[in-house]
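Asks: fold the following and give me the result.
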Amino acid sequence: MAETPVERLYLIRHGRPSVTWGGADPDPGLDETGLAQAQAAAAHLLCLPAAERPLRVVSSPLRRCLETAAPLAHALGVDVEIDTAVGEVPTPHALRTDQRPAWLAEAMSGRWDQIVGDINYDAWRKSVTAAVAKRARTAVFSHFVAINAVISTLSGDDRVVGFRPDHGSITTLSAGAQGLLVVERGPEAGTSVL
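Replies: Numbers count the residues shown, from 1 in each chain. The predicted structure follows:
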């Protein structure tokens, strides 16, 4: 019996945004460093062996992810597919925008089942993982917490933050007969969340 082929997929944290976490712009684009990180991520993915290179580009709808995804999509000659399922962690509806940083800081210090809000965040992290799992041969441009959602689900770690992907960090996953697996975590850094 032939083995099911293993397909690579990639989780890329967006490049450094032009404003810091909790800044005045709720949907910032990239600063100069972030634009360079986007180019570097594209160059890295394009240098992979042909069988491992992504064929599709998926992004969160937020500008910092879309701008990070753009160089790779352009080089591959494909459109960026927007998927809200790999977007930023939802803020509880009752919170004002200026309350999000404090809520998120508290959420990130605990476990998924402890996050205070009006949705089931443990179920949300599993839905992010399911959205990524169906994306073989794809580069998925996403966010710090969403990437942690996938890694924590796959590793069985209930902490919201068990991994600190740097801006532009590329985490490699494989999808095959054994399901979705972490091949290699991308570079980490002490980092803000935005």
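
Asks: what comes up buried for stretch 48-68?
Replies: By neighbour count on 16 or more other CB atoms under 10 Å, the buried set for stretch 48-68 is 52, 54, 56-60, 62-68. Where C-beta positions appear, they are placed from N, C-alpha and C, glycine not excepted.

Asks: which one of those is nearest D166?
Replies: Nearest to D166 out of the buried residues of stretch 48-68 is T68 (CB to CB; 12.4 Å).

Asks: of all the buried residues of stretch 48-68, which two lie farthest apart?
Replies: Among these, E52 and R63 lie farthest apart (CB to CB), at 28.4 Å.

Asks: low-confidence ranges, the chain, go.
Replies: Counting by pLDDT under 70, the chain has low-confidence residues at 1-5, 21-24, 190-194.

Asks: for D25, the count of nearby residues, please.
Replies: 12 (other CB atoms under 10 Å).

Asks: begin at 853, not 1, for the rest of this chat.
Replies: Yes, from this point I'll number from 853; that puts the last item at D877.

Asks: wait, it touches R915, no?
Replies: No. Between D877 and R915 there is no contact under CB atoms under 8 Å: 9.0 Å.

Asks: three-state assignment of W976?
Replies: helix (DSSP: H, G, I helix; E, B strand; the rest coil).

Asks: which ones are touching it?
Replies: Listed by CB atoms under 8 Å, 6 or more residues apart in numbering, the contact set of W976 reads 941-942, 1001.

Asks: ditto for G886
Replies: G886 neighbours (CB under 8 Å, 6+ apart): 866-870, 916, 919-920, 1019-1020.

Asks: from those, which single one is nearest S979?
Replies: Comparing the contacts of G886 against S979 with CB to CB picks out H866 as the nearest, at 19.8 Å.

Asks: look up the closest residue to the residue positioned nearest the centre of the chain, ignoring the ones flanking it.
Replies: In the chain, the centroid-proximal residue (CA atoms, centre = their mean) is S994; its distance is 2.8 Å. Leaving out its chain neighbours, the residue that sits closest to S994 by CB to CB, 6 or more residues apart in numbering is V938, at 4.6 Å.

Asks: what's the span of stretch 936-946 from first residue to last?
Replies: From its first residue to its last, stretch 936-946 covers 21 Å (CA to CA, to the nearest Å).

Asks: off-centre distance for it?
Replies: 13 Å (CA atoms, centre = their mean, to the nearest Å).
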